[in-house]
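# Predicted model follows, preceded by the sequence.
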Amino acid sequence: SASHRLWPEIEQVVHQQVAWARLGLGDSGTGWQLFAEDGEMRMYRREEEVDGMVVDPLKAVHIVKGITGHEVCHYFFSPQYRYDWETTLEQMTVLETIADDSCLFLQTHKRIWPASQRDVIFWSHIRHLPNDQDRDGPDIWTVVNHSTEHKDYPANSGKCVRIFLTVCMLCQTRVIPPKEGTPITRDNISCKITYCSVVNPGGWAPASVLRALYKREYPKFLKRFTSYVTNQTKDKPIMF
Ligand SMILES: CCCCCc1ccc(-c2ccc(S(=O)(=O)CCO)cc2)cc1[C@H]1C[C@H]1c1ccccn1
């Protein structure tokens, strides 16, 4: 709801992240390195460190047949499905339902040796940016997750190191219109996904360990998540 204390930040970060995700990878001079490829999925990162900590921005582009951007964002945003696809999740708590399109989450992720266990608090917002103004503009569905604080869960007060992140799942649906008068089926649709994330690991961890961990976990995550959406939607009516 527009009166919530986080609303101004949600508005500002969502628009900033949508603009960033839509930028693509720019020309080769922008330092994006392709580090993983699988079918239609391409994952890029930029090597960046803050106070000696790896905070490599990540940008992944993936094209998935048979699902829509609304469906991808629905399953990414909704808490009830998260344990099905987020394999590194140990505990997820919805701290606050801000509105029907905005939630506040506390997540603890499984410890990944040799680093200590991590937790994160973030708001999550799902948004449809229709292209009604200019017909051939992109019709976008997006979910933005952005870390924030919560008075009842101070950082680094328990066993976990608090991480900080900003994540944007931006989707554009493509429809190849079928023969005149025949209904659109899942064979006629595909979704172009741009997934951007910046994770600050909170406490120090060796750069080599973090980069190896990201190289393994991110491709696994995006493939598993998109396969999950395909399986969940295959026998259901299309959510445009
Ligand atoms: C030394 C440990 C460094 C930090 C470990 C860690 C924690 C959270 C996260 C993370 C938290 C949320 C999101 S999301 O996109 O908002 C979805 C909702 O869950 C995404 C990734 C990542 C990682 C890093 C493992 C890496 C990793 C990468 C993709 C998936 C799982 N793990």
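Received, thanks. Numbering: from 1, shown residues only.
# what about Ser227, is that helix, strand or coil?
At Ser227 the chain is in helix, as set by DSSP: H, G, I helix; E, B strand; the rest coil.
# oh, I was asking about Tyr195
Relying on three-state DSSP, one would call Tyr195 strand.
# Surely it is in contact with Asn145?
No - Tyr195 is beyond contact range of Asn145, at 10.9 Å (criterion: Cβ atoms under 8 Å). C-betas here are computed from N, CA, C, even on glycine.
# burial count for Cys73?
24 (other Cβ atoms under 10 Å).
# Are we agreed that it is in a helix?
Yes - Cys73: assigned to a helix according to three-state DSSP.
# Nearest residue to it in space, please, no chain neighbours.
Computed as Cβ to Cβ, 6 or more residues apart in numbering, the closest residue to Cys73 that is not its neighbour in sequence is Trp141, at 4.3 Å.
# Quick check: that neighbour vs Gln33, distance?
Distance from Trp141 to Gln33, counting by Cβ to Cβ, to the nearest Å: 28 Å.
# Can you get me a residue count around the residue nearest to Val50 when sequence neighbours are not counted?
Spatial nearest neighbour of Val50, chain neighbours left out: Asn200 (6.8 Å); criterion: Cβ to Cβ, 6+ apart. Close neighbours of Asn200, defined as other Cβ under 10 Å, add up to 17.
# Then Trp85?
Counted by other Cβ under 10 Å, the residues lying close to Trp85 total 18.
# May I have the helix or strand where the residue nearest to Cys73 lies as PDB, with CA atoms only?
If you go by DSSP states H and E, Trp141 is part of strand 140-147. Backbone C-alpha positions of strand 140-147 (Å, rounded to 0.1, in the frame of the first residue of the first chain) are rendered in PDB as follows:
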ATOM      1  CA  ILE A 140       7.100  -6.400 -18.800                       C
ATOM      2  CA  TRP A 141       6.500  -8.400 -15.700                       C
ATOM      3  CA  THR A 142       9.200  -8.000 -13.000                       C
ATOM      4  CA  VAL A 143      10.000  -9.000  -9.400                       C
ATOM      5  CA  VAL A 144      12.500  -7.000  -7.500                       C
ATOM      6  CA  ASN A 145      14.000  -8.200  -4.200                       C
ATOM      7  CA  HIS A 146      16.000  -5.700  -2.200                       C
ATOM      8  CA  SER A 147      17.600  -6.200   1.300                       C
END
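# tell me what the helix or strand following it is packed against?
The helix or strand immediately downstream of strand 140-147 is strand 161-162, counting by DSSP H and E. The elements that strand 161-162 packs onto, with contact taken as 3 or more Cβ pairs under 8 Å, 6 or more residues apart in numbering; DSSP states H and E, are strand 118-129.
# What average pLDDT does stretch 77-88 get?
Stretch 77-88 comes out with an average pLDDT of 97.
# Can you give me the end-to-end span of that stretch?
Counting by Cα to Cα, to the nearest Å, you get 17 Å between the two ends of stretch 77-88.
# quick one: strands adjacent to the strand holding Trp141?
Applying DSSP bridges to the sheet, strand 140-147 is found paired with strand 118-129 (antiparallel), strand 164-175 (antiparallel).
# end to end, how far does stretch 149-161 reach?
Taking Cα to Cα as the measure, stretch 149-161 stretches 14 Å from start to finish.
# close to the ligand, is that stretch?
No - judged by Cβ under 6 Å from any ligand atom, stretch 149-161 stays clear of the ligand, getting no closer than 7.7 Å.
# Having no further points to raise, I will conclude here.
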